[in-house]
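>>> have a look at this fold, sequence not included:
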């Protein structure tokens, strides 16, 4: 959930999700875009998830998320793509599509940073607790 454009992605189950997009619904309110996972692949250095839009939404297309770890440096490269068919599709405005991709990418980045920070704090607390337990024994 982000404050700047208020686009929200919520996974409803293992295979479906919903995008809440501002100013795209009735009377310029929030529009709902149902999504269905069509592909999920995991490898040692690559994770890829593809969602396709379902009927009843505001746009047509596919959302593709991928995270790839570089072998040499160990850095992770995140990518988000929004692909819209050329023919017979409800196409979003260019600004909306750009905001959607950048907002989702920023949200994923912040979520990863938060989880890593929490993991490091938990590991640090575990070390302190184990040192204290050894001193008490």
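Nice, I can see it. All values reported here derive from a predicted model rather than from experimental measurement.
>>> flag the shaky bits of this protein, pLDDT-wise.
Along the chain, the model assigns pLDDT under 70 to residues 1-13, 26-27, 126-137.
>>> need the longest strand for it.
strand 31-42 (DSSP state E).
>>> may I see the buried residues of it?
31, 33-35, 37 (16 or more other CB atoms under 10 Å). From N, CA and C alone the C-beta is placed, and that goes for glycine too.
>>> quick check, nearest of those residues to residue 51?
residue 35 (4.1 Å; CB to CB).
>>> looking at the sheet around the closest one, what are its partners?
Beta-bridge partners for residue 35, by DSSP bridges, are residue 17, residue 53.
>>> pretty sure it sits against residue 52.
Yes: under the criterion of CB atoms under 8 Å, residue 35 makes contact with residue 52 at 6.9 Å.
>>> can you work out which residues contact both of the two?
In terms of CB atoms under 8 Å, 6 or more residues apart in numbering, residue 35 and residue 52 are both contacted by the residues residue 63.
>>> can you map out the helices along this protein?
Using DSSP state H, the helices assigned to the chain run over residues 94-136.
>>> rewinding a little: out of the buried residues of strand 31-42, which comes closest to residue 77?
For the buried residues of strand 31-42, the residue nearest residue 77 by CB to CB is residue 37; the value is 21.4 Å.
>>> contacts only, for that closest one.
Listed by CB under 8 Å, 6+ apart, the contact set of residue 37 reads 14-17, 49-51.
>>> who wins on neighbours among these?
With neighbours taken as other CB atoms under 10 Å, the top of the contacts of residue 37 is residue 51, carrying 24 neighbours.
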